[in-house]
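**Student:** Take this sequence and fold it.
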Amino acid sequence: MRRQHMRARRAPHLVASLNHKERRTDRMDHSHPVSRIVYPTFPTILTDEDLGRLFTVTPEEQFWAFTVARRGPSLIALLTQLKVFQQLGRFLSVAELPRAAIDRIGGTLSIEVPETFDYDPRTLYHHHRAIREFLHITPWGPKAREVAMTAIAAAAEARLDPADLINAAIDALIRERYELPLLSRLRLLAGTAHRLVPTSSPGSVCHSKGPAGYTARSEWSPAIRGRFVIDGSARTPL
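**Tutor:** You can find the predicted model right below:
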């Protein structure tokens, strides 16, 4: 009870900048010609500005981290995973964690980062669970898949481009506070969209602006940026 109360008190200060359009953190997927899929990734090279903006650990986050992990390397790993999730909406494998981010967080904690950064599977599982709890995130599973498929089906009534369908799923998952799956999984789901909606004339689909309540990622206002903000009294993405 005490831990939950303290987290609720600190929660208003937890503002993550997932999909910050003015920066390079959010990048389009270019694996398909003229693709407009907006799936959050990190830039290939993280600048000092990127590191300061994306991987600055707050005092509240440090306090929480010490309730989950005790050892130096474990603290670094936990906080690196936390900051990654806040930006991407998903976890990365240990091999994919940006070394520059690991070094920065180690410096913030005044802890020496080992040359070989390893992660025990049990510790990794514990950290992932703790981060989801801290951010009020539900892991990818049947319910998340249903949310994604519902968004894809709604978008497919008015759009043909798979990128629009995938973006609709990403939008819905983030708004409902679900963990994002791999992009390949979203591609597979979008590929089944034609079976979820009645066949209609291509002309009517191509010129439709989309179903009510669906806003393509490219049309989002600048205000829709901080995706994992917790206000302490309600679990809301904004």
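**Student:** Now the element after the strand or helix carrying residue 49, going C-ward?
**Tutor:** Using DSSP states H and E, residue 49 sits in helix 48-54. Heading C-terminal from helix 48-54, the first helix or strand you meet, by DSSP H and E, is helix 59-68.
**Student:** between the helix or strand following that following helix and helix 59-68, how big is the angle?
**Tutor:** The helix or strand immediately downstream of helix 59-68 is helix 72-88, counting by DSSP H and E. Going by axes from the mean of the first three to the mean of the last three C-alpha atoms, to 10 degrees, helix 72-88 is angled at 130 degrees with respect to helix 59-68.
**Student:** Can you name the helix or strand that residue 125 falls in?
**Tutor:** Per DSSP H and E: helix 121-135 holds residue 125.
**Student:** So which bits of that helix are buried?
**Tutor:** Of the residues in helix 121-135, 123-124, 127-128, 130-132, 134-135 count as buried by neighbour count, 16 or more other C-beta atoms under 10 Å. The C-beta positions use only the backbone N, C-alpha and C, and glycine is treated the same way.
**Student:** Would you enumerate the residues in contact with residue 62?
**Tutor:** Residues in contact with residue 62, defined by C-beta atoms under 8 Å, 6 or more residues apart in numbering, are 79, 109.
**Student:** Now do it against residue 114, distance only.
**Tutor:** Look at residue 62 and residue 114: by C-beta to C-beta, to the nearest Å, they are 20 Å apart.
**Student:** With residue 74 instead?
**Tutor:** Distance of residue 74 to residue 114, given as C-beta to C-beta: 11 Å.
**Student:** before we move on, back to that, list the buried residues in the helix holding residue 49.
**Tutor:** Of the residues in helix 48-54, 50-51, 54 count as buried by neighbour count, 16+ other C-beta under 10 Å.
**Student:** show me where pLDDT drops low in the protein?
**Tutor:** Applying pLDDT under 70 to the chain picks out residues 1-35, 194-238.
**Student:** Domains of this structure: list them as residue ranges, please.
**Tutor:** Annotated domains of the chain cover 42-135, 142-219 [automatic domain parsing].
**Student:** Can you lay out those domains as CSV showing distance to residue 36?
**Tutor:** Listed next are the domains of the chain as CSV, based on distance: least, C-beta to C-beta, whole Å:
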stretch, distance to residue 36
domain 42-135, 18
domain 142-219, 4
